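Visitor: Just a sequence and a predicted model for now, questions to come.
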There are 2 protein chains.
Amino acid sequence: MTPTITAFASSPDRGRGLARDMPVRWALEEVGRAYDVRLVSFAEMKQPAHCALHPFGQIPTYEEDGLVLFESGAIVLHLAERHAGLLPGEPKARARAIGWMFAALNTLEPPILNREVAVLVERDKPWYAERLPFLEDRIRDRLRDLSARLGEADWLEGDFSAGDLQMVTVLRRLASSGLLDEVPNLRAYVARGEARPAFQRAFAAQRAVFTAAGNVAQA
Amino acid sequence: MTPTITAFASSPDRGRGLARDMPVRWALEEVGRAYDVRLVSFAEMKQPAHCALHPFGQIPTYEEDGLVLFESGAIVLHLAERHAGLLPGEPKARARAIGWMFAALNTLEPPILNREVAVLVERDKPWYAERLPFLEDRIRDRLRDLSARLGEADWLEGDFSAGDLQMVTVLRRLASSGLLDEVPNLRAYVARGEARPAFQRAFAAQRAVFTAAGNVAQA
């Protein structure tokens, strides 16, 4: 049965692949599964029909054969558990790869999102100039530690895994910040992820939604 | 083999069970596994020996038979996958329970932690009075949606699961904020979690570390 995911009808990221359908699309492409997409507007996301699928009224959701999932991390893990290619077979390496998924979503993403929210919401506030360096230093701390752990390796745990998929997804949010340029091995790590054919297919698919909506994406 | 976890030698939460060793202790108690604890100071956490276990220089870590894990969510999931009692057996229910773990850590915890950080770091800043209501309203949005989904149920997905363990852990951080008091079914949900014998044993164990250090916990 072909699974169905939901995505923004009009993504606020303007087709840059930063919305949370992107890691799910990427995972589906990595494991070679076709999928259907149902686009939802911001208004529809908050209606009862969508909230029955996603209690927080967001995207993405994942529907397959009576199973409904939300939370992109949970969906990626679900796919990684059921298909080859996104988790090591050896149990300890598998546990570590899953650990990197949690690290991406719970240790790296929160400070990165906080900076994003500040740039969006507080840019005109009198405290913005004082808060922004504080927020960026918290991100730098995380990037420094992650960079030290990655070292010269291609991926965080042996071969490419769901942990890398999730980590690259999170780090891509820094593209416009310049912070990733301070950490060459992480910049190269993100580029390696983006160069994967599955990423390219997923990126093109989400971008097509944006261009089909009559907009011009700003990369 | 008995696993070893790390915890704060002197927890900044003053024994209230809000540090991230708490969900790991709780999960170990739920599945009936004995464990050893190695206490680390703030200085030790940033030394190479500990950073070899935890790249971000934090607690907890989990060591067992050559496996080293960090990220409390990953450790709880690892335990839940290997022992009965923390995940449903039916595959779809299992996937949904894991989904609640991600929801706790990636959707609920970030706004809750942002409020905590603001209270700690920005209390004396001129913008604090304007930012705090904004931060609290973001938490209220999440609590409202979670409350609607939980409804009159005892737990989020059938029987108590790792998803509840993680969600209750995150919601407990709101105890001193008053925000949980606005949502009676979630307040009762947290109380149900705290009433579990495994929670009680885990709480007592982490509190004993604090009182042994010669301090008096402020509940």
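Guide: Good, I have the coordinates. Source: prediction; values computed, not measured.
Visitor: what pairs with the closest residue to A:P3 other than its chain neighbours across the strands?
Guide: Leaving aside its sequence neighbours, A:P3 sits nearest to A:E64 (C-beta to C-beta, 6 or more residues apart in numbering or on different chains; 3.9 Å). Glycine gets a C-beta too; all of them are placed from N, C-alpha and C. When bridges are called by DSSP bridges, A:E64 pairs up with A:L67.
Visitor: Quick one: residues contacting A:E64.
Guide: A:M1, A:P3, A:T4 (C-beta atoms under 8 Å, 6 or more residues apart in numbering or on different chains).
Visitor: So which of those is the closest to B:S161?
Guide: A:P3 (23.2 Å; C-beta to C-beta).
Visitor: So what does the residue of chain A most remote from its centre look like in phi/psi?
Guide: Going by C-alpha atoms, centre = their mean, the residue of chain A most distant from its centre is A:P126, 31.3 Å out. Dihedral pair for A:P126: phi -70, psi -20, per degrees, to the nearest 10.
Visitor: any idea how far chain B is from it?
Guide: 7 Å (C-beta to the nearest C-beta, to the nearest Å).
Visitor: How much space separates that residue from B:R123?
Guide: 18 Å (C-beta to C-beta, to the nearest Å).
Visitor: for chain A, what spans make up the helices?
Guide: With helices called from DSSP state H, chain A shows them at A:21-30, A:42-45, A:48-51, A:72-82, A:91-102, A:109-121, A:128-150, A:162-171, A:184-194, A:197-212.
Visitor: Need these in CSV (columns: mean pLDDT, mean neighbour count and distance to chain B).
Guide: Below are the helices of chain A laid out as CSV (pLDDT from 0 to 100; neighbours: other C-beta atoms under 10 Å in any protein chain shown; distance: least, C-beta to the nearest C-beta, whole Å):
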stretch, mean pLDDT, mean neighbour count, distance to chain B
helix A:21-30, 98, 26, 12
helix A:42-45, 96, 14, 12
helix A:48-51, 97, 13, 8
helix A:72-82, 98, 24, 4
helix A:91-102, 98, 22, 4
helix A:109-121, 96, 17, 5
helix A:128-150, 97, 16, 4
helix A:162-171, 98, 26, 10
helix A:184-194, 98, 17, 13
helix A:197-212, 95, 17, 20
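Visitor: what about these, which gets the closest to B:A97?
Guide: helix A:72-82 (9.5 Å).
Visitor: how much does that closest one deviate in direction from helix B:162-171?
Guide: Per axes from the mean of the first three to the mean of the last three C-alpha atoms, to 10 degrees, the angle that helix A:72-82 makes with helix B:162-171 is 150 degrees.
Visitor: by contact count, what packs against helix A:72-82?
Guide: helix A:21-30, helix A:91-102, helix A:162-171, helix B:91-102 (3 or more C-beta pairs under 8 Å, 6 or more residues apart in numbering or on different chains; DSSP states H and E).
Visitor: ok, 10 Å please
Guide: Using 3 or more C-beta pairs under 10 Å, 6 or more residues apart in numbering or on different chains; DSSP states H and E, the elements in contact with helix A:72-82 are helix A:21-30, strand A:61-64, strand A:67-70, helix A:91-102, helix A:162-171, helix B:72-82, helix B:91-102.
Visitor: ok now the fifth one, how far from the chain's centre?
Guide: Right, the one you point to is helix A:162-171. Helix A:162-171 sits 7 Å away from the centroid of its parent chain (C-alpha atoms, centre = their mean, to the nearest Å).
Visitor: ok, now the third one?
Guide: With C-alpha atoms, centre = their mean as the basis, the distance from the averaged C-alpha position of strand A:67-70 to the chain average is 18 Å.
Visitor: can I get the CA coordinates of it in CSV?
Guide: Provided in CSV are the C-alpha atoms of strand A:67-70 (Å, rounded to 0.1, in the frame of the first residue of the first chain):
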residue,chain,number,x,y,z
LEU,A,67,-1.5,3.5,10.8
VAL,A,68,-1.4,7.3,11.4
LEU,A,69,1.8,8.8,12.6
PHE,A,70,3.0,12.4,13.2
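Visitor: Need the contact partners of it.
Guide: Strand A:67-70 is contacted by residues A:1, A:3-6, A:20, A:24, A:52-63, A:75, A:77-79, B:91-93, B:95-96, B:98-100, B:102-103, B:107 when judged by C-beta atoms under 10 Å, 6 or more residues apart in numbering or on different chains.
Visitor: so A:P88 touches A:E157, yeah?
Guide: Yes. At 6.8 Å, A:P88 counts as touching A:E157 under the criterion of C-beta atoms under 10 Å.
Visitor: hey, what's in contact with both of these two?
Guide: A:R94, A:A95, A:R96, A:A97, A:I98, A:G163.
Visitor: Can you tell me how far A:D145 is from A:L186?
Guide: Counting by C-beta to C-beta, the gap from A:D145 to A:L186 is 11 Å.
Visitor: Spell out which residues make up each domain of chain A.
Guide: A:4-85+A:198-212, A:91-196 (automatic domain parsing).
Visitor: Next up, the contacts around the residue nearest the centre of chain A.
Guide: Closest to where the C-alpha atoms of chain A average out (C-alpha atoms, centre = their mean) is A:T169, at 3.6 Å. Residues in contact with A:T169 (C-beta under 10 Å, 6+ apart) are A:17-18, A:20, A:22-24, A:26-27, A:72-73, A:76, A:104-105, A:108-109, A:190, A:193, A:199.
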